[in-house]
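Asker: Sequence plus the predicted model coming up.
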Amino acid sequence: MFVAIDGPGGVGKSTVTKAVVAQARAARIPVHPTREPSDTTLGQLARHGTDEYREMALACLIAADRYQHQEREIRPAVARGDLVVSDRYVASSLVLQVLDGVGRDIVWELNRHADMPDIQVVLNARADVVAQRLSGRGAHSRYEREAGGTERECALFREAARFLMASGVRVLQLDASSAGSEEVARTIVTAIKEMWTRGRS
Ligand SMILES: Nc1ncnc2c1ncn2[C@@H]1O[C@H](COP(=O)(O)OP(=O)(O)O)[C@@H](O)[C@H]1O
Ligand SMILES: Cc1cn([C@H]2C[C@H](O)[C@@H](COP(=O)(O)OP(=O)(O)O)O2)c(=O)[nH]c1=O
């Protein structure tokens, strides 16, 4: 089973992903945590290259890393029977590459051969709350440094959630404005357990 957790920078994805992994392990589910960009050489080029690479070049670099990640890590872990939990996936491209000036149709086409997650979590929150968390943690990328970026990012994640749902993906939209990360994680793990048990009965 494959779960992706996406949302604006600073909303709490990494924190919630760690809590989901811990709670799923406590429920004796074998978990393979991962993230995108991946921790390979290609992924590091993307993660640390958002100032150097832009638009189509970055969209292709991110997609290339995603296909490599899928082939080498996600599919083998799913085949072993692990729950794969990825901090960021295609939904992030539908927002960040679009913010970067690439049309959504082109981003979607570049990602056409990417396996869709069994559950796509879109973690969102009020833009002022996200901006505050981001300033507390410090910006990690060009997108996070741009003024007014958070508001557009939050709105685009809502749009991406609708787009993915319309494309047949099971999307779980959660608001992390006032809920703590453990509470958000519990909601996600409940949805995972439901599907996990069904898949094994
Ligand atoms: N549910 C939450 N409530 C309050 N603060 C949170 C919550 N989730 C994360 N944080 C804090 O917000 C900041 C950004 O979280 P992080 O997990 O790094 O976000 P992301 O991975 O989405 O960029 C961190 O300082 C983290 O401790
Ligand atoms: C997954 C993904 C990441 N990125 C970029 C956004 C970020 O600048 C960078 C790293 O992701 P990010 O999760 O923000 O890194 P950190 O763990 O440091 O907070 O990769 C895209 O542009 N598109 C994508 O689809």
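Answerer: That came in fine, so what should we check first? Ligands and ions are numbered 1, 2, ... in the order given.
Asker: Check residue 201 and give its pLDDT.
Answerer: pLDDT for residue 201: 67.
Asker: Report the helix or strand with the lowest average pLDDT across this protein.
Answerer: helix 142-145 (a mean of 79; mean pLDDT, DSSP states H and E).
Asker: Quick check: buried residues in that helix?
Answerer: 142-144 (16 or more other CB atoms under 10 Å). For the C-beta atoms, the positions are set from N, CA and C on the backbone; glycine is no exception.
Asker: and what of stretch 113-133?
Answerer: Buried, per 16+ other CB under 10 Å, within stretch 113-133: 114, 117-127, 129-131, 133.
Asker: before we move on, back to that, turn the buried residues of helix 142-145 into CSV, including distance to residue 90.
Answerer: Compiled in CSV, these are given as follows (distance: CB to CB, whole Å):
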residue, distance to residue 90
142, 20
143, 17
144, 20
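Asker: that older thread, for the least confident helix or strand of the chain, output the C-alpha coordinates as CSV.
Answerer: Coordinates of each C-alpha in helix 142-145 appear next as CSV, following Å, rounded to 0.1, in the frame of the first residue of the first chain:
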residue,chain,number,x,y,z
ARG,A,142,13.0,29.5,-3.3
TYR,A,143,9.2,28.9,-3.2
GLU,A,144,9.2,29.4,0.6
ARG,A,145,11.2,32.6,0.4
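Asker: And for the residue nearest the centre of the chain, nearest residue in space, chain neighbours not counted?
Answerer: The chain has residue 88 as the residue nearest its centroid, 2.2 Å off, counting by CA atoms, centre = their mean. Excluding the flanking residues, the one nearest residue 88 by CB to CB, 6 or more residues apart in numbering is residue 36, at 4.5 Å.
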